[in-house]
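Participant: Okay, predicted coordinates and the sequence, questions at the end:
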Protein chains: 2
Amino acid sequence: MHSGLETWHRIVKSGDLTGLGQILAEQVVFHSPVVHSPQIGKDITYKYLSAALQVLNTQDFKYLGQCTEGRMSVLEFETKLDGIVVNGVDIIGWSADGSQIESFKVMVRPLKAVNAVHQAMAQELEKAR
Amino acid sequence: MHSGLETWHRIVKSGDLTGLGQILAEQVVFHSPVVHSPQIGKDITYKYLSAALQVLNTQDFKYLGQCTEGRMSVLEFETKLDGIVVNGVDIIGWSADGSQIESFKVMVRPLKAVNAVHQAMAQELEKAR
């Protein structure tokens, strides 16, 4: 398993963000489920990922499955947000040696969940300002 | 590569649905990007997938990457719908021997694309009635 993926699972499982900075490449690109424009760089990606973990990584959160091939991993998850089931994927692009995240993309379904995530993320990012 | 995946790529590339029926399991489950409730069975899944191919598999359609691990494949695609960039994944659950699709789930981003796909699929399914 890519060493970055092991660290990512440890972070999600524990809720402890220690090590998240180390597995993000300087020029990592974050793609939100809501907005088209990518967010570029370690600082903004860290901000989005920590907000996403705050919003989604509750007691209802679980990974349903994952696949990795070459430098691409996809982790499918399910969680709940205000009673709405959120089903989504983390699509991770790895550095050549698998130690760092070069791109992190999130997609969610159904439509109701996209809207719920949109609203909750906006609130969380506003709090963090 | 799973034999069902080869057939799926042939169908998408050619736009010719021949063989689609053969790679769908009788009890295949389709999960739409828009609606929470799964659609169960070969007939309804065939209907949704052929409508989706009609709507999304235009000259702008391309697969960006894929990964397969065990019985799970994820195929990431990009296309355009009325000028809106649609980025999505097909998440395919395979039968034990990799010849048939047991579940097919689609997620798309960003929010604008979810709405565009929603509208276009509703129109396409209405036409097919």
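Facilitator: Here it is on my side, so go on.

Participant: out of everything not next to it in sequence, what's closest to residue A:48?
Facilitator: residue A:30 (5.0 Å; CB to CB, 6 or more residues apart in numbering or on different chains). Backbone N, C-alpha and C define where each C-beta goes, glycine included.

Participant: Next: residue A:3.
Facilitator: residue A:99 (5.0 Å).

Participant: Would you verify that that neighbour is located in a helix?
Facilitator: No: counting by DSSP: H, G, I helix; E, B strand; the rest coil, residue A:99 falls outside a helix, being coil.

Participant: quick one, phi/psi of residue A:84?
Facilitator: The phi and psi values for residue A:84, taken as degrees, to the nearest 10, are phi -90, psi 130.

Participant: Now do residue A:73 against residue A:104, distance only.
Facilitator: Distance, residue A:73 to residue A:104, using CB to CB, to the nearest Å: 10 Å.

Participant: ok, the residue nearest to residue A:48 touching residue A:42?
Facilitator: No: using CB atoms under 8 Å, residue A:30 makes no contact with residue A:42, being 9.8 Å away.

Participant: Please identify the buried residues of the helix ranked longest in chain A?
Facilitator: Longest among the helix segments of chain A by residue count, using DSSP state H, is helix A:111-127. Residues of helix A:111-127 classed as buried by neighbour count (16 or more other CB atoms under 10 Å in any protein chain shown): A:111, A:112, A:113, A:114, A:115, A:116, A:117, A:118, A:120, A:121, A:124, A:125.

Participant: What is the end-to-end distance of stretch A:25-43?
Facilitator: For stretch A:25-43, the separation between the terminal residues is 10 Å (CA to CA, to the nearest Å).

Participant: Check the offset of that stretch from the chain's centre.
Facilitator: Remark: stretch A:25-43 is offset 11 Å from the chain centroid, using CA atoms, centre = their mean, to the nearest Å.

Participant: dump the residue contacts of residue A:56.
Facilitator: Taking CB atoms under 8 Å, 6 or more residues apart in numbering or on different chains, we find residue A:56 in contact with A:77, A:79, A:81, A:86, A:88, A:117.

Participant: go again using 6 Å as the cut-off
Facilitator: Residues near residue A:56 by CB atoms under 6 Å, 6 or more residues apart in numbering or on different chains: residue A:79.

Participant: Residue A:125 and residue B:90, how far apart?
Facilitator: For residue A:125, the distance to residue B:90 - CB to CB - is 30 Å.

Participant: All set, thanks.
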